[in-house]
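Peer 1: Provide a 3D model corresponding to the input given below.
(one chain, ligands or ions: 2)
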Amino acid sequence: MATRTRPSSKRCAVIGGSGFLGRHLVERLVDRGYTVNVFDIRQAYELPGVMFHQGDLCDRQALLLALKEVSVVFHCASPAPASDDRALFQRVNIDGTRTVIQACHEAGVQKLILTSSASVVFEGTDIKNGREDLPYAKKPIDYYTETKIVQEKLVLEACSKEKGFLTVAIRPHGIFGPRDPQLVPILVDTARRGKMKFIIGDGSNLVDFTYVENVVHGHILAAEHLKADSPLCGQAYHITNDEPVRFWDFMSQILEGLGYSAPRYHLPYTLVYGIALLLWLMALVLRPLIRIKPTFTPMRVALAGTHHYYSCARAKKDMGYQPLVPLQEAIVRTVESYPHLRKGA
Ligand SMILES: NC(=O)C1=CN([C@@H]2O[C@H](COP(=O)(O)OP(=O)(O)OC[C@H]3O[C@@H](n4cnc5c(N)ncnc54)[C@H](OP(=O)(O)O)[C@@H]3O)[C@@H](O)[C@H]2O)C=CC1
Ligand SMILES: CC(C)=CCC[C@@H](C)[C@H]1CC[C@H]2C3=C(CC[C@]12C)[C@@]1(C)CCC(=O)C[C@@H]1CC3
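Peer 2: Ligands and ions are numbered 1, 2, ... in the order given. The predicted model follows:
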């Protein structure tokens, strides 16, 4: 058992603090006067006022060192959603989150803020202005979603006013911004390989893309509003830009901003989804012999061809959330931050 001294409410830990969202969160927390411990499997940078603890979150002893005298923990570590390693998702998102909760108890942590995902309710069919009371996906579309659901339940069920341990889950959707390793890089890579010519479906589907600074703002508001008498205890909150946009308009703006052509030709959604499913099954069957990683996975096709946008009315009401950076400004900032991904660079 770790020795306890009274934690300062301005001392926090960010698990996954070397990652895309985690690093933006750490930077803002430092700006707001917090002392931050980062716990991550890798150390990606150095920052004054930030103490790094390198380790695997499944290792309770390693975690305990990072949680010493900490009152608030942000848990935003996860394997990359594109991975097809089911055992890794199970180990990190489920077993690892149990370990995080246990370590928080042992270290006397008072608040745990989990980065969940709005996709915990997404089954591959339209969601329009979805609220937090939508049921969890019964048939999660991939291992990432399957384990994010269990992870969120574990964290919300651990909320206990009696034990003085309060929890909340933030559900962002489609995070983008400077240093994002997924959305823009995958998009550009797909365009460079000549595969970004087609619009899946009629192109009218609306989606939430959320600028990383807004997601960070939602996390900090949640931490600061989470109190024993607040409605946040044990609840999930959608955090979006609150400006649903046509999926293909958003992709086209990023592509054109970086000098690539926008997709122009339409393909029927069911055809592309069927092909993606077939390729995914083939990849699964051939896995012992050869490793194939299709670009258009069923998950990506579903995300590209359906409506999925969420209401953040609950976050507005309970924690005064309003996005800080509007969508158009966010797109401009993002495009400017990727000079190395411009066409011809
Ligand atoms: N990006 C998005 O659009 C969305 C993301 N989210 C959630 O936001 C969170 C942050 O995502 P994002 O910043 O994009 O992801 P990143 O992959 O950029 O960051 C996650 C960080 O966690 C680290 N990590 C992974 N496994 C472990 C482990 N076992 N122990 C310690 N650290 C580990 C990663 O290291 P390494 O890179 O070496 O694996 C990485 O540094 C995740 O929980 C994700 O599910 C939710 C909705 C949308
Ligand atoms: C069709 C195609 C190849 C588009 C390229 C962009 C995609 C890589 C992104 C478009 C929507 C994104 C998204 C996520 C990852 C990147 C995209 C598929 C998440 C799955 C990341 C993790 C989440 O929790 C949900 C996200 C939904 C949107």
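Peer 1: show me what contacts the closest residue to ligand 1 within the stretch 1-150 of the chain?
Peer 2: Closest to ligand 1 within the stretch 1-150 of the chain is Gly19: 1.9 Å, counting by C-beta to the nearest ligand atom. (Glycine included, C-beta is placed from N, CA and C.) Counting by C-beta atoms under 8 Å, 6 or more residues apart in numbering, Gly19 touches Asp40, Ala44, Cys76, Ala77.
Peer 1: Which of the residues you listed fall within strands?
Peer 2: Asp40 (DSSP state E).
Peer 1: What is the lowest-pLDDT residue among the contacts of Gly19?
Peer 2: Taking the contacts of Gly19 together, the minimum pLDDT is found at Ala44 (94).
Peer 1: Quick check on that one: phi, psi?
Peer 2: phi -100, psi -10 (degrees, to the nearest 10).
Peer 1: How about it: what's its closest non-neighbour residue?
Peer 2: Ser18 (3.9 Å; C-beta to C-beta, 6 or more residues apart in numbering).
Peer 1: Kindly report the residues of this structure close to ligand 2.
Peer 2: 81, 117, 119, 174, 182-183, 186-187, 190, 295, 300, 303-304 (C-beta under 6 Å from any ligand atom).
Peer 1: Looks like the residue nearest to Ala44 contacts Glu46 (just checking).
Peer 2: No - applying C-beta atoms under 8 Å as the test, Ser18 and Glu46 come out as separate, 10.8 Å apart.
Peer 1: Who has more neighbours out of these two?
Peer 2: Taking Ser18 and Glu46 together and counting by other C-beta atoms under 10 Å, Ser18 has the greater number of neighbours (19 against 7).
Peer 1: Now do that one, the pLDDT please.
Peer 2: The predicted local confidence for Ser18 is 98.
Peer 1: can you check Phe74 too?
Peer 2: pLDDT, Phe74: 98.
Peer 1: likewise Pro7?
Peer 2: On the pLDDT scale, Pro7 is placed at 61.
Peer 1: mind listing the strands in the stretch 101-250 of the chain by residue range?
Peer 2: In the stretch 101-250 of the chain, the strands defined using DSSP state E, counting those that start in this stretch lie at 111-115, 127-130, 166-172, 175-176, 198-200, 206-207, 210-211, 235-239, 245-246.
Peer 1: Tabulate those in JSON lines, adding columns for mean pLDDT.
Peer 2: Listed next are the strands of the stretch 101-250 of the chain as JSON lines, based on pLDDT from 0 to 100:
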{"stretch": "strand 111-115", "mean pLDDT": "98"}
{"stretch": "strand 127-130", "mean pLDDT": "98"}
{"stretch": "strand 166-172", "mean pLDDT": "98"}
{"stretch": "strand 175-176", "mean pLDDT": "98"}
{"stretch": "strand 198-200", "mean pLDDT": "96"}
{"stretch": "strand 206-207", "mean pLDDT": "98"}
{"stretch": "strand 210-211", "mean pLDDT": "98"}
{"stretch": "strand 235-239", "mean pLDDT": "98"}
{"stretch": "strand 245-246", "mean pLDDT": "98"}
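Peer 1: Reformat these as TSV; add mean neighbour count.
Peer 2: Listed next are the strands of the stretch 101-250 of the chain as TSV, based on neighbours: other C-beta atoms under 10 Å:
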stretch	mean neighbour count
strand 111-115	27
strand 127-130	17
strand 166-172	26
strand 175-176	22
strand 198-200	21
strand 206-207	20
strand 210-211	28
strand 235-239	25
strand 245-246	18
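Peer 1: Make a markdown table out of the ones you listed and add distance to ligand 1.
Peer 2: Shown next, in a markdown table, are the strands of the stretch 101-250 of the chain (distance: least, C-beta to the nearest ligand atom, whole Å):
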| stretch | distance to ligand 1 |
| --- | --- |
| strand 111-115 | 4 |
| strand 127-130 | 14 |
| strand 166-172 | 4 |
| strand 175-176 | 4 |
| strand 198-200 | 19 |
| strand 206-207 | 12 |
| strand 210-211 | 8 |
| strand 235-239 | 9 |
| strand 245-246 | 15 |
